[in-house]
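Participant: Predicted model, plus sequence, below.
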Amino acid sequence: MTDYILAIDQGTTSSRAIIFDKAGSIVSTGQLEHEQIFPQAGWVEHNPKEIWDNTREVIGQALSKANLTRHDIQAIGITNQRETAVVWDRTTGVPVYNAIVWQDTRTQPIVDRLAADGGVERFKKKVGLPLATYFSGTKIVWILENVEGARAKADAGDLLFGTTDSWVLWNLTGGVDGGVHATDVTNASRTLFMDLESLQWDDEILAIFDVPKSMLPSIRSSSEVYGTAHTSSLLREVPVAGILGDQQAATFGQAAFDQGEAKNTYGTGNFLIFNTGTEIVHSKNGLLTTLGYKLGDAAPHYALEGSIAVTGALVQWMRDNLGMISSAAEIESLAKTVDDNGGAYFVPAFSGLFAPYWRSDARGALVGLTRFVNKGHIARAALEATAFQTREVIDAVNVDSGVPLTEIKVDGGMIANNLLMQFQADILGVPVVRPVVAETTALGAAYAAGLAVGFWSGLDELRTNWQEDSRWTPKMDEAERNRQLRNWKKAVTKTFGWVDEDVL
């Protein structure tokens, strides 16, 4: 019997292949970054061909480092950046346009047009989402309306759409040579097109968006065999058996399987997911209702989600655009050169504000500046922005759920930053807990695939794999916490209403 599961983690900044053993421990990793393409202000794209080429290469890296072959891999799981849209020709396999990334805001005129009749919450009761540039549905519309020949090809049934899980799955299972065109319920729930109750594409909404149903992948569970890797792959004949959108995968990897359990992922953006069990809970406080997971034929689990557009991306921006640091890790040491933020607050509304505000007219602001403020204060304000935004989302979850969180499990790249984790505990007023295996996104995809093929016996076995690594407890007194939160909320209001028709 083979002993390992391979997870493909197709993220916003890189693609990775991670091999896990039965204990959920990492055996080896392959990783390659892909280009971030910014054609103009507010536009963010990726090259789908580069993503697929990199995926193939990182699979080879992971196998080689561990001295393993396809015979050692029992199943493949896929996790991905959820709302990033790829549209390609089913007969040639060639994308008709670059992937439009979840951070991209070019579709705001389409959102406004659709919201003219019924407002931004026009479809929210059915799909759990407000109309926003964030979701992939409006990105498909933009491609059909702006890429020459795309509308005619789509109407003829020649175009396929997928979030990047579907793009990887289709290519991995053969592409034009019989590739499987499918997605799972978690990714489908991020399109604006899937009915939360039926778990099917909604024909009425598709007609309003004018998107042909023939473009869309079939909706499957998060844990089942979708197909096998093509004979041209290093993993040929290995079953592809798990798909989860990245935030749901991280929740699954944190073993937050039950109602009332939650996690917060610190990545390019931040994403809090709170498991509501088999009940659909509609937020009254700016959160999204989404699918948590669905295992085979079992009932789906739903979740409330607080999505924050820019957290780790702010650190990247300070590195790449400003040159204040030469590596992301340096921001912690720079922030440690000062004792506090010096009165500066940084609201990184680069793509507008997501939860709980949903203000597409907001743009980033650095406020409270005096001659006293130096680059250490700005570095600290950038880190604190992540914690403040998380606090606002958790406040919304506590109100919607009626059961305040008593601690928060964390994962993602930024949790290596101890200064941030302590400030997060301080500003939340509850403990922050980091697991031993921080790569919970890839682990969740591995778990979904492994469950489908019997590699793991069930959720109880996965729970025993989870282990605590570090815990931060609050040290800030309540008066100081309230003062900082008051200033933060004041700073947030300064970002509102920036975008007019003549402002980029």
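Facilitator: Arrived safely, thanks for sending.
Participant: and the spatially closest residue to residue 124 that is not a sequence neighbour, what is it in contact with?
Facilitator: Nearest non-adjacent residue to residue 124, counting by C-beta to C-beta, 6 or more residues apart in numbering: residue 130, 5.6 Å away. Heads up, the C-betas are built off the backbone N, CA and C, glycines and all. Contact analysis of residue 130 by C-beta atoms under 8 Å, 6 or more residues apart in numbering lists 120-121, 124, 288, 358.
Participant: backbone phi and psi for residue 443, please?
Facilitator: Backbone torsions of residue 443, given as degrees, to the nearest 10, read phi -60, psi -40.
Participant: surely it meets residue 19?
Facilitator: No. Assessed by C-beta atoms under 8 Å, residue 443 is found out of contact with residue 19, at 11.2 Å.
Participant: of these two, who's got more company?
Facilitator: Comparing residue 443 with residue 19 by other C-beta atoms under 10 Å, the one with more neighbours is residue 443, at 32 against 25.
Participant: Contacts only, for that one.
Facilitator: Contact analysis of residue 443 by C-beta under 8 Å, 6+ apart lists 7, 18, 20, 24, 249, 252-253, 437.
Participant: One more pass at 10 Å, please.
Facilitator: Counting by C-beta atoms under 10 Å, 6 or more residues apart in numbering, residue 443 makes contact with 5, 7, 9, 18, 20, 24-26, 77, 79, 249-250, 252-255, 411, 435, 437, 462, 465-466.
Participant: Generate the ChimeraX command that creates a selection of the buried members of those residues.
Facilitator: A single ChimeraX command is used to select the members of these judged buried by 16 or more other C-beta atoms under 10 Å:
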select :5,7,9,18,20,24,26,77,79,249,250,252,253,254,255,411,435,437,462,465,466
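Participant: Report the separation between the closest residue to residue 69 other than its chain neighbours and residue 367.
Facilitator: Nearest non-adjacent residue to residue 69, counting by C-beta to C-beta, 6+ apart: residue 63, 6.6 Å away. With the distance defined as C-beta to C-beta, to the nearest Å, residue 63 ends up 50 Å from residue 367.
Participant: Please apply the same query to residue 433.
Facilitator: Taking C-beta to C-beta, one finds residue 433 at 32 Å from residue 367.
Participant: Mind listing the shared neighbours of residue 443 and residue 19?
Facilitator: Contact criterion C-beta under 10 Å, 6+ apart; residues shared by residue 443 and residue 19: 5, 7, 25-26.
Participant: from the residues you listed, which is closest to residue 189?
Facilitator: Within those, proximity to residue 189 (C-beta to C-beta) peaks at residue 7, which comes in at 20.7 Å.
Participant: For that closest one, give the beta-bridge partners.
Facilitator: Counting by DSSP bridges, residue 7 is bridged to residue 18, residue 77.
Participant: and which of the shared contacts of residue 443 and residue 19 is nearest residue 297?
Facilitator: Nearest to residue 297 among those, counting by C-beta to C-beta, is residue 5 at 21.3 Å.
Participant: Check which helices and strands the host helix or strand of that closest one sits against.
Facilitator: In the assignment (DSSP states H and E), residue 5 maps to strand 4-10. Here strand 4-10 touches strand 14-20, strand 26-33, helix 48-66, strand 73-80, helix 164-172, strand 239-245, helix 246-253, helix 440-452, going by 3 or more C-beta pairs under 10 Å, 6 or more residues apart in numbering; DSSP states H and E.
Participant: The last one vs strand 73-80, what angle?
Facilitator: Orientation check (axes from the mean of the first three to the mean of the last three C-alpha atoms, to 10 degrees): helix 440-452 against strand 73-80 gives 130 degrees.
Participant: next structured bit after helix 440-452?
Facilitator: Once the chain leaves helix 440-452, the next helix or strand it forms, by DSSP H and E, is helix 459-465.
Participant: Which other helices and strands does the helix or strand just after that following helix contact?
Facilitator: Using DSSP H and E, the helix or strand that follows helix 459-465 in sequence is strand 468-472. On a contact count with 3+ C-beta pairs under 10 Å, 6+ apart, strand 468-472 meets strand 408-411, helix 418-428, strand 432-435.
Participant: re the thing from before, the residue nearest to residue 124: what secondary structure?
Facilitator: coil (DSSP: H, G, I helix; E, B strand; the rest coil).
Participant: any idea which helix or strand carries residue 385?
Facilitator: Counting by DSSP H and E, residue 385 is found in helix 375-401.
Participant: Residue 295 now?
Facilitator: Using DSSP H and E, residue 295 maps to neither a helix nor a strand.
Participant: That one touches residue 452, doesn't it?
Facilitator: Yes. Residue 295 is within contact range of residue 452, at 8.1 Å (criterion: C-beta atoms under 10 Å).
Participant: what's the overlap in contacts for these two?
Facilitator: Shared contacts of residue 295 and residue 452, defined by C-beta under 10 Å, 6+ apart, comprise 221-224, 242.
Participant: Present those residues as a markdown table; the columns should include pLDDT, neighbour count and distance to residue 31.
Facilitator: A markdown table is the format used below for the shared contacts of residue 295 and residue 452 (pLDDT from 0 to 100; neighbours: other C-beta atoms under 10 Å; distance: C-beta to C-beta, whole Å):
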| residue | pLDDT | neighbour count | distance to residue 31 |
| --- | --- | --- | --- |
| 221 | 98 | 21 | 28 |
| 222 | 98 | 34 | 24 |
| 223 | 98 | 26 | 25 |
| 224 | 98 | 22 | 27 |
| 242 | 98 | 34 | 20 |
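Participant: Pick out the most distant pair among those.
Facilitator: Taking C-beta to C-beta as the measure, these span a maximum distance of 9.4 Å, between 221 and 242.
Participant: Show me how to select, in ChimeraX, the buried members of the contacts of residue 130.
Facilitator: Here is the ChimeraX command that selects the buried residues among these (16+ other C-beta under 10 Å):
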select :120,124,288,358
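Participant: Nearest to residue 93 among the contacts of residue 130?
Facilitator: Using C-beta to C-beta, residue 288 comes nearest to residue 93 of these, at 32.3 Å.
Participant: any idea which element the residue nearest to the closest one when sequence neighbours are not counted lies in?
Facilitator: Nearest residue to residue 288, sequence neighbours excluded (C-beta to C-beta, 6+ apart): residue 305, at 4.4 Å. According to DSSP H and E, residue 305 maps onto strand 301-308.
Participant: Taking their axis directions, that strand and helix 246-253 sit at what angle?
Facilitator: Angle, strand 301-308 to helix 246-253, by the same axes, to 10 degrees: 120 degrees.
Participant: shift numbering so it begins at 175
Facilitator: I'll keep to 175 as the first residue from here, and by that count the last item is strand 475-482.
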